[in-house]
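> following is a predicted model, sequence given first.
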Amino acid sequence: MRPEFPPVRAAWTYHGNQLDSIRQRLYAVESEPSGTVKGGTRMGRPLLFIDFDGVINQFPDDKVMRRQGRTGWMRPDDPHRAAYAPDNWFRPDRRERLLVRDLGRRFVIRWNAELVARLDALDADKWWLTTWQPETGRLNRALGVDWPTIRWYDPITRDGIPTGKRRTILDALKQDRPIVWLDDEETTYNAGLAIQTTPHEAPVLGVGPDSAIGVSRPQMDLIEDFIHDPPAGPVVRFETAGDGHEGHWGF
């Protein structure tokens, strides 16, 4: 199950010195231009923002897990059969119980080592953008990665949770670097419209996985292709599945 965090008490607010520090770390611009030239625009190293629950941490059907991933017991017209197909699903092969300190509880996390390795191998600056913000050090140790964390909300007061993720992405647009945003809940059509209507020069790919299986194999292929050869210009593309906003859109 997901950690259920306490209710929000206030809306997102920027804190000047803290935000400036984050910007300096996140979006440091080299004195000499670098990056890929596309359509007359020089793009820097891509940014990859990664949620955890429903993206890497999976919530698969208990019956599927008890049957070792087999789906033959499902009805032929069950739409979930395709989700758990071997050519779509990174079936979890790792499991751990992690303590969420501010809740005083342990939660089981499940992930696939191949998926994490492929994300970690991407030629991009990778950042956690997750409500697991206070625990990402533990996530890094469990997954065997070393991804820094966006401090996008106050873990004590919960300030920033309603709009903080989207604000982070909109702020990153100013750097004119290709962006990939992985989030099973926040990559909505309205979020795509907000990105499209914010001035920017580099492309954006939003990927919304089905939280039951996390990032799918086709989605991972799409992410790798985008990072390797980002499209020219301010193209905004969202590919989502599950949680009521399945679809693919170009803005």
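That came through, no problem.

> so what's the residue count around D77?
6 (other CB atoms under 10 Å). Where you see a C-beta, it was placed from the backbone N, CA and C, and this is true even at glycine.

> now the helices for the stretch 101-250 of the chain?
113-120, 136-143, 164-172, 189-196, 217-228 (DSSP state H, counting those that start in this stretch).

> what's the most buried one of the ones you listed?
helix 164-172 (a mean of 21; mean count of other CB atoms under 10 Å).

> dump the helices of the stretch 101-250 of the chain to a markdown table, plus distance to D51 and mean pLDDT.
A markdown table is the format used below for the helices of the stretch 101-250 of the chain (distance: least, CB to CB, whole Å; pLDDT from 0 to 100):
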| stretch | distance to D51 | mean pLDDT |
| --- | --- | --- |
| helix 113-120 | 12 | 98 |
| helix 136-143 | 11 | 96 |
| helix 164-172 | 8 | 97 |
| helix 189-196 | 13 | 95 |
| helix 217-228 | 13 | 98 |
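
> and F238, which of those helices is closest to it?
Proximity to F238 (CB to CB) singles out helix 189-196 among the helices of the stretch 101-250 of the chain, at 4.7 Å.

> in terms of secondary structure, what does that closest one contact?
The helices and strands touching helix 189-196, judged by 3 or more CB pairs under 8 Å, 6 or more residues apart in numbering; DSSP states H and E, are helix 164-172, strand 204-208, strand 236-240, strand 247-250.

> export the ones you listed to CSV and tack on distance to L143?
CSV is the format used below for the helices and strands packed on helix 189-196 (distance: least, CB to CB, whole Å):
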stretch, distance to L143
helix 164-172, 20
strand 204-208, 18
strand 236-240, 23
strand 247-250, 28
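
> which one of the ones you listed lies nearest to R101?
For R101, the closest of those is helix 164-172, at 20.4 Å, according to CB to CB.

> that closest one vs strand 204-208, what angle?
With axes from the mean of the first three to the mean of the last three CA atoms, to 10 degrees applied, the angle from helix 164-172 to strand 204-208 works out at 160 degrees.

> what is the orientation angle of helix 164-172 with helix 189-196?
Using the same axes, to 10 degrees: helix 164-172 against helix 189-196 is 20 degrees.

> just how off-centre is helix 164-172 within its chain?
12 Å (CA atoms, centre = their mean, to the nearest Å).
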